[in-house]
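Enquirer: coords please:
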Amino acid sequence: MKKILTAILCSLLFALPVAACKTDEGGLKKIRVNEVTHSVFYAPMYIADALGYFEEEGIEIELTNGGGADAVMAAVLSGSCDIGFCGPEAALYVLIGGSNNVPTVFGQLTKRDGSFLVSRVDEADTFDWATTLQGKEILAGRKGGVPAMTFEYVLNENGLYDGQNVDMNYDINFNYMTAAFESGTADYCTMFEPVASEYEVQGKGYVVASVGEASGEVPYTCYIARENYISDNEQTIEGFLRAVMKGINYVNANDSAQAAELLKPYFDGTSENSLKVSLDSYKSIDAWQTDMTMTESAFNRLQDIIDNSGELEKRVNFADLVDTSYSSKVYAELYG
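Expert: Numbers count the residues shown, from 1 in each chain. Below you'll find the model as predicted:
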């Protein structure tokens, strides 16, 4: 955990603080959102933007790809973004580290790991977590990151342990894993959508399992902000959550082909069919938290996963990091 906290603090040194959100010429309040990566996994947020749900709330979002939870958290702490969008473990590490500037998790978008396991051979019909992976090398992300920790948790639940009967390769940066796999590294690689589906369509590999389906529910990707930003912008926070909730409802209630058409401008170079397949994959595993409210049991499960990987120095209280009041209020107003 110390290495991860150090990475956040080092990133903070290079994250220059800038002014808080401003109102543009059209009267919309601009919110700078720093996302951990760009994926169909986060489709409801993009759909909310495409359908004008944010604009209805008087908001314009400015999206930046942080390229990792450490960088996102550094941006939140420095004030170079208004809202961070990443795994809540990044905020958890800051709290455990004893910082006086602990950010608050105020909304949850995804409730499962969004990655899929890709194999070099077509074995979807015969794949078994407990037996198929024995003696194999797997690319699953950075050591200490939630994707890798969740994957390791699934392996352990199936009697597999790194260095004993399976080989976890943590040497490849998340952004280069697919390229490394394509060049011949490892037997399996975890990939998010639409990369996994595109990879399969191109005949380069085969999707054999959903990590999120195997791991169970966990608060995977959340919205995080500084406490003073939230208290100074309560109506904006509620409007932001309202827009994303409507986006979740739209994706769940409508055919994926319709949503894929709306997503196309957000994923340049990705076919609508791949976007549709990706959406269907995430809908099939019930990926999104419809009320955007984290539960204490899910938070404790996240701590179990981190503890299982040896990265948790101590457990923390749910209320010290998470504020569910805004999401609960907005969901009740929208859907009763």
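Enquirer: For Gly239, pull up the helix or strand it's in.
Expert: Using DSSP states H and E, Gly239 falls within helix 234-253.
Enquirer: Now do that helix, average pLDDT.
Expert: Averaged over helix 234-253, pLDDT sits at 98.
Enquirer: And for stretch 186-199?
Expert: The average pLDDT for stretch 186-199 rounds to 94.
Enquirer: next one: stretch 99-115
Expert: 94.
Enquirer: who does the helix or strand just after the helix holding Gly239 touch, helix- and strand-wise?
Expert: Downstream of helix 234-253, the next assigned helix or strand under DSSP H and E is helix 256-263. In this structure, helix 256-263 makes packing contacts with helix 43-50, helix 272-284, judged by 3 or more CB pairs under 8 Å, 6 or more residues apart in numbering; DSSP states H and E. Just so you know, the C-beta spots here come from the backbone N, C-alpha and C atoms, and that holds for glycine as well.
Enquirer: Which other helices and strands does the last one contact?
Expert: To tie it back to what came earlier, the one meant is helix 272-284. Under the contact criterion of 3+ CB pairs under 8 Å, 6+ apart, helix 272-284 touches helix 195-201, strand 206-210, helix 234-253, helix 256-263.
Enquirer: The same query, at a cut-off of 7 Å, please.
Expert: If you count contacts as 3 or more CB pairs under 7 Å, 6 or more residues apart in numbering; DSSP states H and E, helix 272-284 packs onto helix 195-201, helix 256-263.
Enquirer: Report the buried residues of whichever helix or strand comes after it.
Expert: For helix 272-284, the following helix or strand on the C-terminal side (DSSP H and E) is helix 296-308. Going by neighbour count (16 or more other CB atoms under 10 Å), the buried part of helix 296-308 is Ala298, Phe299, Arg301, Leu302, Gln303, Ile305, Ile306, Asn308.
Enquirer: which stretches of this structure have low pLDDT?
Expert: 1-26 (pLDDT under 70).
Enquirer: again, only using 90
Expert: Along the chain, the model assigns pLDDT under 90 to residues 1-27, 37, 67-70, 98-102, 140-147, 173-175, 201, 269, 309, 336.
Enquirer: Apart from its neighbours in sequence, what residue is nearest the residue nearest the centre of the chain?
Expert: Central residue of the chain (CA atoms, centre = their mean): Thr221, 3.5 Å from the mean position. Closest residue to Thr221 in three dimensions, ignoring its sequence neighbours and counting by CB to CB, 6 or more residues apart in numbering: Thr110, at 4.3 Å.
Enquirer: quick one, what contacts that neighbour?
Expert: Residues near Thr110 by CB atoms under 7 Å, 6 or more residues apart in numbering: Phe41, Tyr220, Thr221, Ala287, Trp288, Gln289.
Enquirer: most surrounded residue in the residues you listed?
Expert: Among these, Ala287 has the most neighbours (other CB atoms under 10 Å), with 29 neighbours.
Enquirer: circling back to that earlier point, and the helices and strands packed on helix 256-263: which comes nearest Ala124?
Expert: helix 272-284 (12.6 Å; CB to CB).
Enquirer: list the buried ones in the closest one?
Expert: Across helix 272-284, burial judged by 16+ other CB under 10 Å covers Glu272, Ser274, Leu275, Lys276, Val277, Ser278, Leu279, Asp280, Ser281, Tyr282.
Enquirer: among the contacts of Thr110, which two are most distant?
Expert: Farthest pair in the contacts of Thr110 (CB to CB) is Phe41 and Gln289. Separation: 12.4 Å.
Enquirer: What are the boundaries of the strands in the protein?
Expert: With DSSP state E as the criterion, the chain has strands at 29-35, 59-65, 83-86, 104-110, 116-119, 137-139, 167-169, 188-191, 206-210, 221-225.
Enquirer: Quick check: chain neighbours aside, which residue is closest to Ala124?
Expert: Val208 is the one closest to Ala124 (CB to CB, 6+ apart), at 4.8 Å.
Enquirer: Any idea how many residues pack against that neighbour?
Expert: Val208: 22 surrounding residues under other CB under 10 Å.
Enquirer: hmm, back to that, any chance of the helices and strands packed on helix 272-284 in CSV, with mean neighbour count and distance to Met149 too?
Expert: Putting these into CSV (neighbours: other CB atoms under 10 Å; distance: least, CB to CB, whole Å) gives the following:
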stretch, mean neighbour count, distance to Met149
helix 195-201, 21, 20
helix 256-263, 20, 29
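Enquirer: what's the domain layout of this protein?
Expert: 2-112+218-335, 116-215 (automatic domain parsing).
Enquirer: Next one: Ile306 from Leu263, what distance?
Expert: 32 Å (CB to CB, to the nearest Å).
Enquirer: Ok, Ile47 next?
Expert: Here Ile47 is placed at a distance of 7 Å from Leu263 (CB to CB).
Enquirer: Touching stretch 312-322 from outside, list them.
Expert: Met1, Ala91, Leu92, Leu95, Ile96, Val105, Met294, Glu296, Phe299, Gln303, Ile306.
Enquirer: gap between it and the chain center?
Expert: Put simply, stretch 312-322 sits 19 Å off its chain's centre (CA atoms, centre = their mean, to the nearest Å).
Enquirer: how about that stretch as PDB, C-alpha atoms only?
Expert: What follows is stretch 312-322, C-alpha atoms only, in PDB (Å, rounded to 0.1, in the frame of the first residue of the first chain):
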ATOM      1  CA  LEU A 312      -4.400  -3.200   3.200                       C
ATOM      2  CA  GLU A 313      -2.600  -1.800   6.300                       C
ATOM      3  CA  LYS A 314      -5.800  -1.400   8.300                       C
ATOM      4  CA  ARG A 315      -9.600  -1.400   7.700                       C
ATOM      5  CA  VAL A 316     -11.500   1.800   7.800                       C
ATOM      6  CA  ASN A 317     -15.100   2.800   8.600                       C
ATOM      7  CA  PHE A 318     -17.500   3.200   5.800                       C
ATOM      8  CA  ALA A 319     -18.700   6.600   7.000                       C
ATOM      9  CA  ASP A 320     -15.200   8.000   7.100                       C
ATOM     10  CA  LEU A 321     -14.900   7.800   3.300                       C
ATOM     11  CA  VAL A 322     -18.300   7.500   1.800                       C
END
